[in-house]
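Show me the folded form of this:
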Amino acid sequence: MKYVFGPVPSRRLGQSLGVDPVPLKTCNWNCVYCQLGRSRPVVNERKDYFPPEEVVADVKEALDRHGSGRIDWVTFVGSGEPLLHAHLGWMLREVKAVSDVPIALITNGSLLYLPDVREEVAVADAVLPTLDAGTPELYRRIDRPHPEATFERLMSGLIAFSEEYDGKLWVETMLLTGLNDTDEALRDIAARLKEIQPDEVHLNLPTRPPAEAWLEPVDSGESLMRAIGIIEEVAPVRAVTPLADGNIDLSAYDNPIDAIVGVITRHPLREDEVVEALDRWAAGEIKAGLKKLEASGRAQVVIRYGTRFWTAAPSFFPDGGEPERSNERS
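Numbering: from 1, shown residues only. Have a look, this model is predicted:
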């Protein structure tokens, strides 16, 4: 299937069937921590990037194949910003009409200032927008938005959506060393969250390869506890654990190469996760498949935090030069 992946184990949503309604890195932000690399270019146009009927058909096929109890959430997340698809609301309603599985939408929230967009996404059972900064200056430094995607629009949209929405509003904040993990930055974020009044705040740590090699992970001990202490003054906090239990479902694929590419285009994997995910193939086939993938040009290996991550070949990870490619194994 072209537009659906998984289910994959989610740190918040259990076994999540991912739905990808936009092409790789179609986004109006260019976040320093994005696991899919840089946005080139940053775009802010809503249109039908993929035929909405085909996306919904893929979702229906996946739900039918997996049956009852195998999927906890259908998650519109994609490899870019889902709200940029002009018929996102129609797709959400179509999926809702054929399944009792709850729908989550992971979005940066930058287009929620538009009343018609808020109305479209209100059908989702949970909406997870992003707030990484409490000031316009830090917002521009971390999320590097399209010029039209201003901090003022982001905040007005989040506040208006919170007032109108009846589902679960879970705001996500990615903690970043030296950027938004100081007391001052965290209190600025807390002040904005008090205006939004989300049901929960999810504090995330970058565990996948960030776009920028200079980005250092936040200490999961003292720094995370300090952040929780400040944020929970204004909203319930969930600290998202680094790893999730569960298996990546690759049953829709007939060979290891398609299986790997189908996942890493939206969800980069550590090399040990790739091997584990392919355990339904014999060991010899896995090894041969990885070697073939190295030569195929469909994937690359990016090194972050001393770990090898497999990600899609078109993803751009600048390191003052090219990242280590998958055919440059040491």
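
ok, now how distant is the residue nearest the centre of the chain from Asn180?
Taking C-alpha atoms, centre = their mean, the centroid of the chain lies closest to Val77, which sits 5.7 Å from it. Applying C-beta to C-beta, to the nearest Å, the value for Val77 to Asn180 is 22 Å. No exception for glycine: its C-beta is placed from N, CA and C like everyone else's.

cool, and Ile106?
Separation of Ile106 from Asn180 (C-beta to C-beta): 19 Å.

what's the answer for His87, then?
To Asn180, His87 is 34 Å away according to C-beta to C-beta.

And the two? Which one has more around it.
The neighbour count for His87 versus Asn180, taken as other C-beta atoms under 10 Å, is higher for Asn180 (25 against 21).

wait, isn't the more buried one in contact with Leu131?
No. The criterion here is C-beta atoms under 8 Å, and Asn180 misses it with Leu131 at 9.8 Å.

need the next SSE after the lowest-mean-pLDDT helix or strand in the chain, C-terminal direction.
Least confident helix or strand of the chain, by mean pLDDT, DSSP states H and E, is helix 283-296 with a mean of 72. Next along the chain after helix 283-296, taking DSSP states H and E as the criterion, comes strand 299-304.

Go through the following helix or strand past that next one and flag the buried ones.
Sequence-wise, the next helix or strand downstream of strand 299-304 (DSSP H and E) is strand 307-312. Along strand 307-312, these residues count as buried under the neighbour rule (16 or more other C-beta atoms under 10 Å): Arg308, Phe309, Trp310, Thr311, Ala312.

what angle separates strand 307-312 from strand 299-304?
150 degrees (axes from the mean of the first three to the mean of the last three C-alpha atoms, to 10 degrees).

So what touches strand 307-312?
24, 35-37, 79, 208-209, 260-261, 264-265, 268-271, 274, 298-303, 317, 324, 326 (C-beta atoms under 8 Å, 6 or more residues apart in numbering).
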